[in-house]
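Chemist: Structure of the sequence below:
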Amino acid sequence: MISIIRLEVLDNKKTHFNFSDGTEKIIDFTPFIGEDKLSKPSSDPAYFQKVALYENGRGIYWPNDYDFCPDFLHQYQPDEKELVAEKK
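Modeler: I've put the predicted structure just below:
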């Protein structure tokens, strides 16, 4: 199973990950932040910075238990619409 060995919060809701297999990836979390009770607090930059790594790198989470597993983050690829928006 893939684990996260390091994370670094960047600007604009982006996070840089180092995975146990040597992979590095920057993920923009903007597409995962909506109006729902769990994800909405992450729209605040100060709250977004509170992301933490579960013990043994088994995922990431925010204080309200909004979380992502390492397999999803490792395999995640933004869709074409996200890539176009990122280039603007």
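
Chemist: For this structure, which residues score under the pLDDT cut-off?
Modeler: Applying pLDDT under 70 to the chain picks out residues 80-88.

Chemist: Could you pull out the helices in it for me?
Modeler: Secondary structure of the chain (DSSP state H): helices at 45-48, 70-75, 80-87.

Chemist: residue contacts, Arg58?
Modeler: Ser3, Ile4, Cys69, Pro70 (CB atoms under 8 Å, 6 or more residues apart in numbering). Just so you know, the C-beta spots here come from the backbone N, C-alpha and C atoms, and that holds for glycine as well.

Chemist: which one among these gets closest to Ala46?
Modeler: Ala46 lies nearest to Ile4 out of the contacts of Arg58, by CB to CB, at 22.1 Å.

Chemist: How about that closest one: which residues does it bridge to?
Modeler: In this entry, Ile4 is beta-bridged to Phe19, by DSSP bridges.
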